[in-house]
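Trainee: Sequence and predicted structure below; questions after.
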Amino acid sequence: MSNLYHSTRDASHSVTSKQAILAGLAPDGGLFVSDALTQGELSADLASVCSKDYLGIAKDILALLLPDFSREEVSRCVSSAYGPRFDTAAITPLVPFRDDWLLELWHGPTCAFKDVALQMLPRLMSVARQDLHSANNVMIVCATSGDTGKAALEGFTNVAGTGVTVFYPAGGVSDIQHLQMVTQRGDNVAVCGIHGNFDDAQTQVKRIFSDPALAERLAAANTVLSSANSINVGRLVPQVSYYFSAYAQLVRSGVIHVGDEVEYCVPTGNFGDVLAGYYAKLLGLPVARLTVASNENDVLTEFISTGIYNRLRPFKRTISPSMDILVSSNLERLLYYLSGGDCAYVRQLMEQLASEGHYHVSNAVFNQMKNVFSCGKATDEQTRATIQQTWEDEGLLIDPHTAVAAHVLSETPHTPGVPRICLSTANPYKFSSDVLAALGADVSGMDGFACMDRLHDMTGMSIPQQLFELRSLPQLHTGTCEQGQMSDFVEQAAEKVFS
């Protein structure tokens, strides 16, 4: 049945969405996908969607993409996830921006777009465990380039039968992102910096998932592993809702009519956020184009421009660290759909990427991709200039990741009559030092909190309480490890949490 899920690398074994969410990653290392998306079986009722608020839209979209969840289960999860922990009833409000629109995705408890999915995923997992009568404890393991880690910790802390282990690149996240993770309280959490970059952490996490000896030892202790990264379909599908929500807000404001096309510009490194927009298009949202915005780690820009994916390039630390990624895991799902569901082809490309560091897609796949996706990139200098110009011209303060997309959008030709929506992925106070420097201040000798205070004095923009209070919280997770020690860390964390 096409409403089941299977690996991008092998379609011979199918699972339900509940099973896929609990597993996180397919046994062969592939990502779970559903053929119903491209076989005309799934379609959102656009007029109905546009008449609903965020919670109503999310219920409709999740019910389509997770068919073995009952409507009552979906409704319960949505109502619980999108409650008072978001500071606006709109959840993801749309605001005017130049001649375009800015979709603010950072109004949740950790001030980043990951909250939209990671307030939902723990609830989906809990329902799946109950329905499947799973007696196993679940250890969530994820790599983070900055925002996923805190959002996962916040979402899974003290969830019964669940632990969460987060690895981040030591020295590779902002001061505030680092503090958000290492101050996390909870009896079931473990946080560790690794000596390496995000790609190193992500590669090792995938190896942990595919380690049969580790799985056997954990199983003996009644524990299984799962993921909170966007490789988990339960992390990916909640993000589809805000593409529909943005469209509905434009309809309700009279900017467009139901059926009119829109464009989205998305800052992305791991390709999950923009892939959610592609899923929305497959569900019937009138998306004219999706523009991928990259920082100086521009592997995705090169791929969309040439059809060549090459991770063999210098890794650069930028002021948009959540996008400092050279191996974009979610691209594998796009390759599956663009190749017409050719698992053997996807497996070949992934094996080539692992062994040779690059691959070149066929002309057929490349041409299909170019029909939907555009791309652009921004240097750190251009990112800073965009932050400053946006503040001076618009009175809007944006973070460096949003600024990457805003720059790319400004350089992209505008189709007359087609609204453009730029995704804003984080509150600027998460990157106070770099935002303050972009506004022309000398930040020499200032820590993240001094920069936060100065930025507030300069702009008057409110500091989120959950970020302000970090300065007084104790740092509880100060350890680091080598990449080869990550598996041991997970095993020790599981033993501590579930003993």
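Mentor: It's in.
Trainee: where does this protein have low pLDDT?
Mentor: 1-2, 133 (pLDDT under 70).
Trainee: Apply 80 and report the result again.
Mentor: Confidence mapping of the chain against pLDDT under 80 gives the ranges 1-3, 40, 132-135.
Trainee: Tell me which helix or strand comes right after the host helix or strand of T386.
Mentor: Secondary structure assignment for T386, by DSSP states H and E: helix 380-394. As assigned by DSSP H and E, the chain's next helix or strand after helix 380-394 is helix 400-410.
Trainee: just checking, what packs against that following helix?
Mentor: Helices and strands in packing contact with helix 400-410 are listed as strand 262-267, strand 287-294, strand 373-377, helix 380-394, strand 420-424, helix 432-438; criterion 3 or more Cβ pairs under 8 Å, 6 or more residues apart in numbering; DSSP states H and E. Where C-beta positions appear, they are placed from N, C-alpha and C, glycine not excepted.
Trainee: Can you show me the CA trace of the first one as CSV?
Mentor: Listed in CSV are the C-alpha atoms of strand 262-267, where the atom choice follows Å, rounded to 0.1, in the frame of the first residue of the first chain:
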residue,chain,number,x,y,z
VAL,A,262,3.4,32.0,-4.2
GLU,A,263,7.2,31.6,-3.9
TYR,A,264,9.3,30.7,-0.8
CYS,A,265,12.9,31.5,0.0
VAL,A,266,14.4,29.2,2.7
PRO,A,267,17.7,29.3,4.5
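Trainee: tell me the angle it makes with strand 420-424.
Mentor: Taking axes from the mean of the first three to the mean of the last three Cα atoms, to 10 degrees, one finds strand 262-267 and strand 420-424 inclined to each other by 30 degrees.
Trainee: Strand 262-267: what's the following helix or strand?
Mentor: Counting by DSSP H and E, the element that comes right after strand 262-267 along the chain is helix 272-282.
Trainee: circling back: same list (the helices and strands packed on helix 400-410) but as TSV, adding distance to D175 and mean neighbour count.
Mentor: What follows is the helices and strands packed on helix 400-410, written out as TSV (distance: least, Cβ to Cβ, whole Å; neighbours: other Cβ atoms under 10 Å):
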stretch	distance to D175	mean neighbour count
strand 262-267	20	26
strand 287-294	24	23
strand 373-377	25	20
helix 380-394	17	18
strand 420-424	21	26
helix 432-438	7	25
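Trainee: Looking at these, which is nearest to G155?
Mentor: Proximity to G155, assessed across those by Cβ to Cβ, is greatest for strand 420-424 (20.3 Å).
Trainee: could the helices and strands packed on helix 400-410 go into CSV alongside distance to E154?
Mentor: Below are those laid out as CSV (distance: least, Cβ to Cβ, whole Å):
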stretch, distance to E154
strand 262-267, 21
strand 287-294, 26
strand 373-377, 31
helix 380-394, 26
strand 420-424, 20
helix 432-438, 20
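Trainee: Of these, which is nearest L218?
Mentor: Judging the helices and strands packed on helix 400-410 by Cβ to Cβ, what sits closest to L218 is strand 262-267, at 35.7 Å.
Trainee: sorry, back to before: out of the helices and strands packed on helix 400-410, which is closest to D200?
Mentor: Comparing the helices and strands packed on helix 400-410 against D200 with Cβ to Cβ, the closest turns out to be strand 287-294 (19.5 Å).
Trainee: Can you list the strands that that closest one pairs with?
Mentor: Paired neighbours of strand 287-294 in the sheet (DSSP bridges): strand 262-267 (parallel), strand 373-377 (parallel).
Trainee: Tell me which residues of the helix or strand just after that strand come out buried.
Mentor: Counting by DSSP H and E, the next helix or strand C-terminal to strand 287-294 is helix 299-306. Using 16 or more other Cβ atoms under 10 Å as the burial criterion, the residues of helix 299-306 that qualify are V299, L300, T301, E302, F303, I304, S305.
Trainee: Which one of these is nearest to C343?
Mentor: Distance to C343 across these (Cβ to Cβ) is lowest for F303, with 20.4 Å.
Trainee: looking at it, the closest one is touching Y309, isn't it?
Mentor: Yes - F303 lies in contact with Y309 (Cβ atoms under 8 Å); the separation is 4.6 Å.
Trainee: Find residues that contact each of the two.
Mentor: Among the neighbours of F303, those also in contact with Y309 (Cβ atoms under 8 Å, 6 or more residues apart in numbering) are L331.
Trainee: Burial check on K316, number of neighbours?
Mentor: The local packing of K316 (other Cβ atoms under 10 Å) involves 14 other residues.
Trainee: Let's have the strands paired with strand 287-294 in CSV, adding distance to G24.
Mentor: Formatted as CSV, these follow (distance: least, Cβ to Cβ, whole Å):
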stretch, distance to G24
strand 262-267, 23
strand 373-377, 26
